[in-house]
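Chemist: Okay, here's the prediction I keep looking at, along with the sequence it came from:
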There are 2 protein chains.
Amino acid sequence: MDPISQPLIEDIKDDLMPLIKERRAGALLAVLLDLHPADIAELMAITGDEDDQAYIFGLLNEPELASAVLAELSTQVREPLVEDIPRAALADLVEEMSSDDAADLIQELPTERVQQVLDEIEEEELEAVQPLLAYDEETAGGIMATEVLAIGEGATVGDALELVRTKGEEYDPFFYVYVQDSHGRLQGILSLKNLVMHGPETSVLDACNREPVSVPVTMDQEEVALIFRRYDLLAVPVIDDKQRILGRITIDDVVDVMREEADEDIARMAGTDEEEFDETSIRKIVFYRLPWILASVAGGFLAGVLLDYFAMNMALGISLVAFVPMIMAMGGNAGSQAAITMVRLLALRKLNRSEVLGILWREARVGMFLGGITGLSMGVIAYFWKGAWYYGVVVGASMAMAVLVAASMGAMTPILFKKLKVDPAIATGPFVTVSNDATGLLIYFGLAIFLLRFFSGAN
Amino acid sequence: MDPISQPLIEDIKDDLMPLIKERRAGALLAVLLDLHPADIAELMAITGDEDDQAYIFGLLNEPELASAVLAELSTQVREPLVEDIPRAALADLVEEMSSDDAADLIQELPTERVQQVLDEIEEEELEAVQPLLAYDEETAGGIMATEVLAIGEGATVGDALELVRTKGEEYDPFFYVYVQDSHGRLQGILSLKNLVMHGPETSVLDACNREPVSVPVTMDQEEVALIFRRYDLLAVPVIDDKQRILGRITIDDVVDVMREEADEDIARMAGTDEEEFDETSIRKIVFYRLPWILASVAGGFLAGVLLDYFAMNMALGISLVAFVPMIMAMGGNAGSQAAITMVRLLALRKLNRSEVLGILWREARVGMFLGGITGLSMGVIAYFWKGAWYYGVVVGASMAMAVLVAASMGAMTPILFKKLKVDPAIATGPFVTVSNDATGLLIYFGLAIFLLRFFSGAN
């Protein structure tokens, strides 16, 4: 994690692209060797071409650099690239990686290759990596690394400094030495600052923080991220149910989790897959988006049948139809405001039952106000547009009701999805939005017909 | 930044709420003193009540703790609270804060109080804070702190260690000692690991990283976050145009920026304000959402007028109207897929002109495929539903065109907004979605009428 020199790859890529396209190995390699591995990975992604990517990767003749670049690549770029690397060479690259990066890469391999690669890597790395393959990818165990610097509780600050000097280079990024008892149970954490501030003869137990935050190996990664953010942490030890240290999670892993989770939520809202943000193939993008579009065809069809039925079979005349786009636009809008807000609150906080009920009740009241205000303004528009006062009442009242129902449904669906163990963010996508449309139309026409009959009877 | 002991406040708040409501100062304070300041701040937010918040804050009799809690509070909770703190007391609290937190708080104060507080705080803190007030909040200068440990290039590792021992406690979180020349220009950075790994007689210039990443004080905070994420950084020095060190940005600030930016984008997509996620007042939530709802009234009205005009004045019969909800749902859907994806790409990457054009062209082709597939399926539905083959052609062709246009507009609007220095994420909100609806209807009816005339002439 040594900081590197500028400039960003974005500023020099226009000079590099011709070198890549013309396969000018010497000139290109001279530049690549000065770049940070993350920049080389970004450059490969920018080319958007598998042959170019394989060519650039093939130039990296130092295993350490090649391994670092491989660890930085996105799954989209890495998968096809790794397919063509022979198993022994791949095992060498995996051995250079930290255990969490190695486990991520191995989990992407086709099943038949996993065992091949595990057979080739050396014992020490195998012991570090294999336990990680068993954890759920979205838990603390799935994002931790097993490389921890641990020292017995009887040691001194001088011993700990010696440990850092001999082993510290291998453990990057490095934040803490963990103090453990003879059963491997976490007793405290020692920062480098603790080490520098205390004399070498001090006992590590006196120098360390004896009440560190730790997370259980089964904790969901979103909750891990919440803890890092709340307490401005840099690293936490991961422990099993007997308080034994299994590994550690560092802030850079958590930054990646935050990015992933935001990508996922935003992709659901868009009605696509988060993979799309790294994707350049038109076929795949269409493939990601099409299911959502087709879901909205289904919802739209339902609304269309309703519209057709009411518009064709009622003697009420066509004027009601003029307000359909407004009903749909506003219902959809009020519904997604409530749904997106709810999903965001679920992502940022741990809410208990009474808080959830409190938020639902708040949303219902917000829906009433929004419905009331929009209903009133629509009523006024309807009156002036269509000239009959009862149109205003009918349109206003049904609009108010449609907005209220859409907002309440929008707030409830994410909660319901969460209960059903479905990603709540799906509730912000097209499917639910469109089913709001149909409900809105049903309310609008139902109420309008009822009220119009009532008024025409009264007139 | 010492890690703290569990449990999270969420797990114990149900026990604390009665103590707060019943104003049991002694019992409450005993618990509060064991909590992390971030948990106390969260507890105050959870109460959702200004009186309770003022009561809890009033219990915190240690200025250091009160100041740390104040720094952690969200603007919504902090603003009303700070109003009631006398200027001298407020100045004392500000003095305990790091320069960046102090500057954030001062910038929230009403104009007339800013100078009052600045007059009260002591010289040293004033010098640290005042320069920060001049920078744009969303730049490197706006998020940096001015507390940096710097050492001359002639010093040794032993000197640097001595500096850390005497001053390190004040500089929290602490990552690097910056090496500067006699003009204050950045020459390198020294991590604690560098210090521990080298003997005390080594020159700092030999021990340090001489090519560190630094950022100019004017850099946009989103770009700073991109650099941190790309290179897994913990801290960067902030420099002026003569390479002189002005301050430093640490990873915890960047995590906050990432959270803010995600909140902002998601709020735009929802059609509300990011402040809403911390808001409990119904009046304010309605106030945040209403403008977007009213914007969609405007768009819906436009679509309604179109629908009314075409439906009333054409002899084509009402069957075309049945497909209106599908046109609107699918156009809206395809438009937001493209818009949200584009906004996400703009947020995650630095794109140059040719890449933007490439993405637009890709989106147009994706739109063609999506439009083609949905148009075909709609055509089949229309044929079987309405029984006339030319309905199928008309509905399918206009649907395809509407989806293509919506996807292209969805991709282009964020780019256009960015050019106009408007937040591109607004393009994902209701206003633009709804204007897509009107365009979709116009295309649908226009093309349908043209084709139906053509076919009925041909028949």
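Modeler: Ah, there it is.

Chemist: wait, does stretch A:422-431 contact chain B?
Modeler: Yes - for stretch A:422-431, a contact with chain B is found by CB under 8 Å from any CB of the partner chain, at A:Pro430. For glycine as for every other residue, the C-beta is placed from the backbone atoms N, C-alpha and C.

Chemist: Same check on stretch A:221-233?
Modeler: Yes - judged by CB under 8 Å from any CB, stretch A:221-233 and chain B are in contact via A:227-233.

Chemist: Ok, stretch A:331-351 next?
Modeler: Yes - counting by CB under 8 Å from any CB, chain B has neighbours in stretch A:331-351: A:332-334, A:336-337, A:340-341, A:344-345, A:348-350.

Chemist: same thing with stretch A:268-282?
Modeler: Yes - residues of stretch A:268-282 are located near chain B by CB under 8 Å from any CB, namely A:269-272, A:276-277, A:280, A:282.

Chemist: just the strands in the stretch 1-150 of chain A please.
Modeler: Under the criterion DSSP state E, counting those that start in this stretch, strands of the stretch 1-150 of chain A are mapped to A:150-152.

Chemist: Now do the contacts for the residue nearest to A:Tyr178 when sequence neighbours are not counted.
Modeler: Leaving aside its chain neighbours, A:Tyr178 sits nearest to A:Ala150 (4.5 Å; criterion: CB to CB, 6 or more residues apart in numbering or on different chains). For A:Ala150, the contacting residues are A:177-180, A:184, A:245, by CB atoms under 8 Å, 6 or more residues apart in numbering or on different chains.

Chemist: Tell me the spacing between A:Ala150 and chain B.
Modeler: In this structure, A:Ala150 and chain B are 16 Å apart, going by CB to the nearest CB, to the nearest Å.

Chemist: From A:Ser398, how far off is that residue?
Modeler: 67 Å (CB to CB, to the nearest Å).

Chemist: Could you find the closest non-adjacent residue to the most centrally placed residue in chain A?
Modeler: Against the mean C-alpha coordinate of chain A, by CA atoms, centre = their mean, the closest residue is A:Glu261 at 1.5 Å. Nearest residue to A:Glu261 in three dimensions, chain neighbours excluded: A:Glu222, at 6.0 Å (CB to CB, 6+ apart).

Chemist: contacting residues around the one you found?
Modeler: A:138, A:257, A:261, A:347.

Chemist: Quick check: which element contains it?
Modeler: Secondary structure from DSSP states H and E places A:Glu222 in helix A:221-231.

Chemist: what's the following helix or strand after that helix?
Modeler: Next along from helix A:221-231, by DSSP H and E: strand A:235-239.

Chemist: That following strand pairs with which strands, parallel or anti?
Modeler: In the sheet, strand A:235-239 lines up against strand A:215-216 (parallel), strand A:245-250 (antiparallel) (DSSP bridges).

Chemist: can you give me how far that strand is from the chain middle?
Modeler: 21 Å (CA atoms, centre = their mean, to the nearest Å).

Chemist: got it, and stretch A:295-312?
Modeler: The chain centre lies 34 Å from the centre of stretch A:295-312; the measure is CA atoms, centre = their mean.

Chemist: can it be found next to chain B?
Modeler: Yes - using CB under 8 Å from any CB, stretch A:295-312 reaches chain B at A:296-297, A:299-301, A:303-308, A:311-312.

Chemist: What of stretch A:101-109?
Modeler: No - counting by CB under 8 Å from any CB, no contacts exist between stretch A:101-109 and chain B, the nearest distance being 11.6 Å.

Chemist: Which parts of the stretch 351-459 of chain A are helices?
Modeler: Per DSSP state H, counting those that start in this stretch, the stretch 351-459 of chain A carries helices over the ranges A:353-386, A:389-419, A:430-458.

Chemist: Highest mean neighbour count across those, which stretch is it?
Modeler: Sort the helices of the stretch 351-459 of chain A by mean neighbour count, taking mean count of other CB atoms under 10 Å in any protein chain shown, and helix A:389-419 sits at the top with a mean of 23.

Chemist: Output the below-cut-off pLDDT ranges for chain A.
Modeler: Applying pLDDT under 70 to chain A flags residues A:1-7, A:172-173, A:311-319, A:431-432, A:456-459.

Chemist: check contacts around A:Val215.
Modeler: A:140, A:223-224, A:227, A:236-239, A:249.

Chemist: ok, now with 6 Å
Modeler: A:Val215 sits next to A:140, A:224, A:236, A:238 when contact means CB atoms under 6 Å, 6 or more residues apart in numbering or on different chains.

Chemist: Buried among those? Make that a ChimeraX selection.
Modeler: A single ChimeraX command is used to select the members of these judged buried by 16 or more other CB atoms under 10 Å in any protein chain shown:
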select /A:140,224,236,238
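
Chemist: In terms of distance to chain B, which of the contacts of A:Val215 ranks first?
Modeler: If you rank the contacts of A:Val215 by distance to chain B using CB to the nearest CB, A:Val236 comes first, at 7.2 Å.

Chemist: residues in contact with that closest one?
Modeler: Counting by CB under 6 Å, 6+ apart, A:Val236 has contacts A:213-215, A:249.

Chemist: export the residues you listed to CSV and tack on distance to A:Glu355?
Modeler: Shown next, in CSV, are the contacts of A:Val236 (distance: CB to CB, whole Å):
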residue, distance to A:Glu355
A:Val213, 23
A:Ser214, 26
A:Val215, 23
A:Ile249, 27
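
Chemist: Please convert the buried members of those into PyMOL selection syntax.
Modeler: Selecting the buried subset of the contacts of A:Val236 in PyMOL, with 16+ other CB under 10 Å as the burial test, is done by:
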select buried, chain A and resi 213+214+215+249
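
Chemist: Out of the contacts of A:Val236, the closest to B:Ile121 would be?
Modeler: When the contacts of A:Val236 are compared for distance to B:Ile121 (CB to CB), A:Val213 wins out at 32.7 Å.

Chemist: Please give me every residue in contact with A:Glu274.
Modeler: A:263-264, A:267.

Chemist: Please spell out the ChimeraX selection for the buried subset of these.
Modeler: Buried residues within those, by 16+ other CB under 10 Å, are selected in ChimeraX with:
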select /A:263,267
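
Chemist: Of the contacts of A:Glu274, just say which sits nearest to chain B.
Modeler: Proximity of the contacts of A:Glu274 to chain B, judged by CB to the nearest CB, is greatest for A:Asp263, which lies at 7.3 Å.
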